[in-house]
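# Next comes the sequence, and after it the predicted model I'd like to discuss.
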Amino acid sequence: MTKHRFPLALVAALATLPAAASAGEVSLNGEGIVRYEPDSARLQFTVTAEHPDAAKASEQVSATMAEWRQAIGDYRNELDDYSDADLSVYTRMVPTREQGQDPERVSVASQTVSFSINDLDLLNPLIGEANKLGLQYHLGSHQFFHSDEQGLEREALARAIADARSRCEFVARQLDQRCGDVVTLNVNGGHRPVPMMRAESKMAGDAVSSVGPREIQATVSATFELD
């Protein structure tokens, strides 16, 4: 019997090889979408009064604010992060209608109320009280949100990861292989809520009838082993 001798360097190299070579890898993307209805809102109302005397303008604003506080007494404990301390007074010039007359100086006083609500059933009653007292406000789709958006973001991310794994398993079956361990996983961008086609607030007179659905999207890039 003839014995074959191999160089020591070759023997050492063979010893470092894995018992079974990897069948390969596959890189793909996964997407997760969560659709939801906002259940909360951030609101801001402003009281404004004008008078030649700054003190008089401020008194008018204070009087309206006192009426506002009384009107929302039943809702006050449900208004989060409530603040009505933003008071400002400034002077503006009012042009005269007749030539040769000096512009009139008018003082403008304003006070802003801001808060959040986690129950949209409060929205229309609060708007109604604001309308009665002549408070100024603006409602836009960006003011509505979900009270558990972090949980929704995580759910969207979980769905994106599951989608990536599902796609890997599909590819592996086509190749008569098995989707193995994750080699790399990258989360692409954030999970910012995206208004859908019907996401704008729909106004019926002075009331909001529908906020509309939103969706949170998450995407991942993943590389899996194929066994």
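Cool, the structure landed.
# any weak-confidence spans in the chain?
1-23, 99-100, 189-207 (pLDDT under 70).
# In terms of secondary structure, what does the longest helix along the chain contact?
In the chain, with assignment by DSSP state H, the single longest helix is helix 149-174. Contact here means 3 or more CB pairs under 8 Å, 6 or more residues apart in numbering; DSSP states H and E; on that basis helix 149-174 packs against strand 25-36, strand 179-188, strand 214-226. Using the backbone N, CA and C atoms, a C-beta is placed for each residue, glycine as well.
# and these as CSV, adding mean neighbour count and distance to V113?
What follows is the helices and strands packed on helix 149-174, written out as CSV (neighbours: other CB atoms under 10 Å; distance: least, CB to CB, whole Å):
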stretch, mean neighbour count, distance to V113
strand 25-36, 16, 28
strand 179-188, 13, 39
strand 214-226, 20, 26
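# Quick one: closest of these to L133.
strand 214-226 (31.2 Å; CB to CB).
# Next, the angle from the closest one to helix 149-174.
Taking axes from the mean of the first three to the mean of the last three CA atoms, to 10 degrees, one finds strand 214-226 and helix 149-174 inclined to each other by 40 degrees.
# Going forward, count from 58.
That works, and once the first residue is 58, the last one we named lands at strand 271-283.
# Give me the helices and strands touching strand 271-283, please.
Using 3+ CB pairs under 8 Å, 6+ apart: strand 271-283 touches strand 82-93, helix 206-231, strand 236-245, strand 250-252.
# Reformat those into a markdown table and put distance to Y147 next to each item.
A markdown table is the format used below for the helices and strands packed on strand 271-283 (distance: least, CB to CB, whole Å):
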| stretch | distance to Y147 |
| --- | --- |
| strand 82-93 | 42 |
| helix 206-231 | 37 |
| strand 236-245 | 47 |
| strand 250-252 | 35 |
